[in-house]
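In: structure of the sequence below:
(2 chains)
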Amino acid sequence: MAIALAPKRRTDWIGLVFALALTIVILVPMLVVITWSFANVWRFPSVLPQQFGLKFWQMTLARSDVWSALSLSLTLSAVVTAISAAICLPAAYAFARMTFPGRDVLFFSFLAGQAFPKFGLLVAIAAIFLQLNLIATFWGVVLIQLVGTLLFMIWIPVAAFQSVDRRMEEAARDAGAGPLRVFWSITLPQAAPTIFSAVLLSFVGTFYETEGAWLIGAPQIRTMPVLMISFINNQPVIQYGAVLSVLLWIPSLIALVFTRRVVNSGSFARGFGG
Amino acid sequence: MTTRPPSGRAQSRGLIGLLLVAVPVGLFAWMTVWPIISGLVQAFTPTQPNGTRPFSPANFVEFFSDPYSLSNLGVTLWTCLVTLGLLLVICIPLALYLRFAQGRLAAYVQTMAMFPMFVPSIILAFAFIRVLGPNGTVDLLLNAVGLPKIRSPYLTPWGPVIGLVWDNIPLTVLILVSGLGAVSNQAVEAARDVGARPLTLFWYIVLPRIWTSVAVVISFTMLGLFSAFTLPYVLGPASPEMMGPFMQRTFGDLRDPEMALTQATVTMLFCIAFGIFYVRAVARNRGK
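Out: Residues are numbered from 1 along each chain as shown, chains lettered A, B, ... in the order given. Next up, the predicted model:
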């Protein structure tokens, strides 16, 4: 989309306006947060902090609630992603490669969840969890976050398996390779990069999942985003929130680096109905 | 999806296929289809003092005759419409620019427009308060040049609007740019050659071709906005509150799951048309 084919000499005024406006509106707020996290002292009405330093990084990292939230969030994301991969990837392979009764109906049925406002659906799930005593438990949160990953973890890998070159598989089979060997040596390596993106997106998505964790997990299960909400609402020291924001952001930046290709491709927009 | 020719061992493979998809399909049925049905049934069968649950619309009568519930519904609708309007006003020009512009500047604009996708809502909420909140960056800068402070949108209905617009820019732009792929360069150049002004061009050439994308954006964002939770909860006023925080409070703080289910049902009914339209659009695109 942005390949310079024939550079025009005319100044791109509209582009400059957009670039400037977006920089101010999108980049500056993030820079403000980062600046706050490195401000030892920043009192009104100084435009810049009176004193920079790592004081609040040390203090935030010394808090036990931050560490327990971080380890809980990482555990939750790892467990949810692992279970999701274990149940969704075989299903994705089946949807992509096998014929069975009701395949298309079942494949598109995962979409039905998207037809409902998400929080309304979460409340309906929470009402069922209440009867099952799953409210405020680790596995309750795992279940609700697992459901959130299903669509991603099935649809993206299905596209990956469908785009594998079948002639190579047939050639391998002709050369005497068994089905498992073909899958392991031919199919999987070709589908792996896209599957990796799906797994990463599901890990990061789970890490930031706030609404389910808040509704189902409160008050016992305090993940990083839930802790962040309580910092925003109840923590008078601004820097704690700022440091936690920057910490909280790291997984997203990693995802940005690895999944930019997937996001910028047209198929991603089409996945949202674009 | 295209149907593949059945293989020789079609039947046994069919069974294996069903087994492989059984767990996620079962999980989905148990945690999406069942809660919706069960929630609907519970909302329509209020528990009586004697323990019975006859069919009755009493919960909905209560919801729609309670001024507080109605004002929450009102502020939710207001937020949705204002946010949607702002999103379209911002994102249609942005998408048009990205569709037709080339070069490094356009690449930068695209990167910036996609950036919010990688900023979790909760960090956005914190940044919002630091920039637009009381004594935030805007106040600091205004104060430095001797101007009065702003009336902060934090904890007013405009707080969630600003946050939600920011949050929704990337997907809106993506969907619109993808839709603008249907507008050919030739059509635009031909219209330009016969002297069409930019606005005429937009109205008669571009807009008719991207209606579907605009409709997808509208339904997709309405679904997301109507039950938005995090941003309204953190940035919005305590009263009236949007449906998301309202449901959470009814469920978690007031411990009244039946009324929370009634609110969830109302939310779902308001969104049903958008939901069906959105899902159909996605399915159609996927089927191609």
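In: residues in contact with the residue nearest in space to the middle of chain A?
Out: For chain A, the residue whose C-alpha lies nearest the mean C-alpha position (C-alpha atoms, centre = their mean) is A:Gly205; its distance is 2.3 Å. With contacts taken as C-beta atoms under 8 Å, 6 or more residues apart in numbering or on different chains, A:Gly205 has the following neighbours: A:Gly148, A:Thr149, A:Phe152. Where you see a C-beta, it was placed from the backbone N, CA and C, and this is true even at glycine.
In: what about 10 Å?
Out: A:Ser77, A:Val80, A:Thr81, A:Gln145, A:Gly148, A:Thr149, A:Phe152, A:Met153, A:Pro251, A:Ser252, A:Ala255, B:Pro120 (C-beta atoms under 10 Å, 6 or more residues apart in numbering or on different chains).
In: pLDDT at residue 2, what is it?
Out: No chain was given, so I picked chain A. According to the prediction, A:Ala2 has pLDDT 43.
In: not quite, go with chain B.
Out: pLDDT recorded at B:Thr2 is 46.
In: what do you get for the one 4 residues further on?
Out: Among the per-residue scores, B:Pro6 shows a pLDDT of 48.
In: do B:Gln11 as well
Out: The model reports B:Gln11 with a pLDDT of 73.
In: can you check B:Gly14 too?
Out: Note for B:Gly14: predicted pLDDT of 80.
In: residues near it, how many?
Out: 19 (other C-beta atoms under 10 Å in any protein chain shown).
In: what about it, which SS state?
Out: With DSSP: H, G, I helix; E, B strand; the rest coil as the basis, B:Gly14 sits in helix.
In: list the contacts of the closest residue to it other than its chain neighbours.
Out: Ranked by C-beta to C-beta, 6 or more residues apart in numbering or on different chains and with sequence neighbours excluded, the top spatial neighbour of B:Gly14 is A:Phe100, at 3.9 Å. With contacts defined as C-beta under 10 Å, 6+ apart, the neighbours of A:Phe100 are A:94, A:106, B:10-11, B:13-21.
In: now the helices for the stretch 101-250 of chain B?
Out: Under the criterion DSSP state H, counting those that start in this stretch, helices of the stretch 101-250 of chain B are mapped to B:104-114, B:121-132, B:137-144, B:158-180, B:185-193, B:198-200, B:207-226, B:230-235, B:243-248.
In: okay if I get those helices as a markdown table plus mean pLDDT, distance to chain A and mean neighbour count?
Out: Below are the helices of the stretch 101-250 of chain B laid out as a markdown table (pLDDT from 0 to 100; distance: least, C-beta to the nearest C-beta, whole Å; neighbours: other C-beta atoms under 10 Å in any protein chain shown):
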| stretch | mean pLDDT | distance to chain A | mean neighbour count |
| --- | --- | --- | --- |
| helix B:104-114 | 91 | 4 | 20 |
| helix B:121-132 | 94 | 4 | 24 |
| helix B:137-144 | 92 | 5 | 16 |
| helix B:158-180 | 94 | 3 | 24 |
| helix B:185-193 | 85 | 12 | 12 |
| helix B:198-200 | 85 | 11 | 10 |
| helix B:207-226 | 90 | 4 | 21 |
| helix B:230-235 | 95 | 5 | 26 |
| helix B:243-248 | 95 | 5 | 27 |
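In: distance to B:Thr262 added to these, as CSV?
Out: As requested, the helices of the stretch 101-250 of chain B are arranged in CSV below (distance: least, C-beta to C-beta, whole Å):
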stretch, distance to B:Thr262
helix B:104-114, 39
helix B:121-132, 26
helix B:137-144, 40
helix B:158-180, 23
helix B:185-193, 50
helix B:198-200, 47
helix B:207-226, 16
helix B:230-235, 19
helix B:243-248, 10
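In: quick one, which of the contacts of A:Gly205 has the minimum pLDDT?
Out: Among these, pLDDT bottoms out at A:Ala255, giving 80.
In: element containing that residue, please.
Out: Taking DSSP states H and E as the definition, one finds A:Ala255 inside helix A:238-264.
In: for that helix, the distance to its chain's centre please.
Out: On the basis of C-alpha atoms, centre = their mean, to the nearest Å, helix A:238-264 sits 10 Å off its chain's mean C-alpha point.
In: buried residues in that helix?
Out: A:238-249, A:251-252, A:255-256, A:259, A:262-263 (16 or more other C-beta atoms under 10 Å in any protein chain shown).
In: out of the helices of the stretch 101-250 of chain B, which comes closest to A:Thr11?
Out: Put simply, out of the helices of the stretch 101-250 of chain B the one that sits nearest A:Thr11 is helix B:104-114, at 9.5 Å, with distance taken as C-beta to C-beta.
In: okay, the closest residue to B:Gln263 other than its chain neighbours and A:Ala96: tell me how far apart.
Out: Closest residue to B:Gln263 in three dimensions, ignoring its sequence neighbours and counting by C-beta to C-beta, 6+ apart: B:Met247, at 4.8 Å. For B:Met247, the distance to A:Ala96 equals 37 Å [C-beta to C-beta, to the nearest Å].
In: same check on B:Leu147?
Out: Summarising the geometry, the distance separating B:Leu147 from A:Ala96, computed by C-beta to C-beta, is 60 Å.
In: likewise B:Met242?
Out: When distance is defined by C-beta to C-beta, B:Met242 is 40 Å away from A:Ala96.
In: neighbour count: those two, which is higher?
Out: The residue with more neighbours, out of B:Met242 and A:Ala96, is B:Met242; 29 against 21, by other C-beta under 10 Å.
In: before we move on, back to that, wait, the residue nearest to B:Gln263 sits on A:Trp214?
Out: No. With contact defined as C-beta atoms under 10 Å, B:Met247 and A:Trp214 do not form a contacting pair (11.6 Å).
In: what about the strand or helix carrying A:Leu143, near chain B?
Out: Taking DSSP H and E as the definition, A:Leu143 sits inside helix A:138-162. Yes. Using C-beta under 10 Å from any C-beta of the partner chain, a contact is recorded between helix A:138-162 and chain B, made by A:143-144, A:146-151, A:153-155, A:158-159, A:162.
In: now stretch A:212-231
Out: Yes. Applying C-beta under 10 Å from any C-beta, one finds that stretch A:212-231 is in contact with chain B at A:212, A:214-216, A:218-219, A:224-229, A:231.
In: farthest pair in those?
Out: Checking these against each other with C-beta to C-beta, the farthest-apart pair comes out as A:Ile216 and A:Phe231, at 20.5 Å.
In: so who does B:Leu77 touch?
Out: Contact partners of B:Leu77, counting by C-beta under 10 Å, 6+ apart, are B:Met222, B:Leu225, B:Phe226, B:Met242, B:Met243, B:Phe270.
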